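Asks: sequence first, then the predicted structure, then my questions.
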Amino acid sequence: MDISQVLGYFGALLIGLVLGLIGGGGSILTVPILVYLMFINPVTATAYSLFVVGVSSVFGTFQNIKKGLVDFRTAIVFAIPAFIAVYLTRKFLVPAIPSEIFTIGDFTMTKNVAIMVFFAIVMLLASISMIKERKVTTDVSSEDVKFNYPLITIEGFVVGVLTGIVGAGGGFLIIPALVLLAKLPMKKAVGTSLLIIAVKSLIGFIGDIENLDIDWAFLLIFTAISVVGIFIGTYLSNFINGKKLKKGFGWFVLIMGVYIILKELL
């Protein structure tokens, strides 16, 4: 095992630590770690990321259910279009992308480069969401909640396609949608988003099983280390201010996104 692999497995622990400490965002590191430290093809890395994100989110969801922070009705309304979109994206759209998309002069935009650049753009958007302070909404009783079904369906489908392409959870899109469209208070929106992410990520991964050769031994070890990180992070969250960490992590993700764009295009 060389130094990059050691760093890669440490990265798996870091993914879980971030998820445990700030309740989200760690999954955005999964694809860069798999691609640049474990030298895994970007298409395969996004598939592996769906599995890691899905399993990690399941553990986070159980913790939120115990705390009463999951709105199952909202999750179902949002998750149905999301998991349909992510499954179709992984099953049909990603395999249909040509290996060479276009050529300009000496530069050729390959499928792998396009996926990483698109992923980096998602990282930039996610970093802005983490850095920016969100206003916490007041609690709204379930009787007062009126779903905007058309917008929730569209948002769920868009998030599903995004998740399918880049293999990230998309919490930075889901949480504002749950707050604005389903009128959930922030803490419940965060808890509900983890359930949505778990369902759509694992269903999206199912779409990959027939298209890719999965290294189950590696994937299960990597995921297990990440889950251990979640439990450590959850414990440390009792002593560390997650909000301050979230903003700092947002800046780190921003730098990583810029780095990936420069690395892939220059």
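Replies: Everything's here; your move. Numbering: from 1, shown residues only.
Asks: low pLDDT regions in the chain?
Replies: For the chain, applying pLDDT under 70 flags the ranges 23-26, 133-147, 169, 242.
Asks: which residue ranges of the stretch 51-200 of the chain form helices?
Replies: Using DSSP state H, counting those that start in this stretch, the helices of the stretch 51-200 of the chain run over residues 72-88, 94-96, 111-131, 149-166, 171-181, 186-209.
Asks: what's the closest of these to F51?
Replies: Between F51 and these, the shortest separation by Cβ to Cβ is 4.7 Å, and it involves helix 186-209. In this view, the C-beta of every residue, glycine as well, is placed from N, C-alpha and C.
Asks: helices or strands up against the closest one?
Replies: helix 42-66, helix 72-88, helix 149-166, helix 171-181 (3 or more Cβ pairs under 8 Å, 6 or more residues apart in numbering; DSSP states H and E).
Asks: make CSV from those helices and add mean neighbour count to it.
Replies: Converted to CSV, the helices and strands packed on helix 186-209 look like this (neighbours: other Cβ atoms under 10 Å):
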stretch, mean neighbour count
helix 42-66, 23
helix 72-88, 21
helix 149-166, 20
helix 171-181, 22
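Asks: kindly reformat those helices as CSV containing distance to G248.
Replies: CSV is the format used below for the helices and strands packed on helix 186-209 (distance: least, Cβ to Cβ, whole Å):
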stretch, distance to G248
helix 42-66, 20
helix 72-88, 29
helix 149-166, 23
helix 171-181, 16
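Asks: out of those helices, which is closest to T223?
Replies: Comparing the helices and strands packed on helix 186-209 by Cβ to Cβ, helix 42-66 comes nearest, at 5.0 Å.
Asks: now that closest one against helix 186-209, angle please.
Replies: Per axes from the mean of the first three to the mean of the last three Cα atoms, to 10 degrees, the angle that helix 42-66 makes with helix 186-209 is 140 degrees.
Asks: just give me how far helix 42-66 sits from the chain centre.
Replies: 8 Å (Cα atoms, centre = their mean, to the nearest Å).
Asks: compare the helices of the stretch 51-200 of the chain and give me the one nearest I33.
Replies: Short answer: helix 111-131, nearest of these by Cβ to Cβ, at 12.1 Å.
Asks: so which elements touch that closest one?
Replies: Under the contact rule (3+ Cβ pairs under 8 Å, 6+ apart), helix 111-131 is packed against helix 30-32, helix 42-66, strand 100-104, helix 149-166, helix 171-181, helix 242-265.
Asks: closest one to L266 among the helices of the stretch 51-200 of the chain?
Replies: Here helix 111-131 is closest among these (Cβ to Cβ), at 11.2 Å.
Asks: next, the buried residues of the closest one.
Replies: 111-117, 119-120, 122-127, 129-130 (16 or more other Cβ atoms under 10 Å).
Asks: what does that helix contact?
Replies: 25, 28, 31-32, 35, 41-43, 46, 97-101, 162, 165-168, 172, 176, 246-247, 249-254, 256-258, 260-261, 264-265 (Cβ atoms under 8 Å, 6 or more residues apart in numbering).
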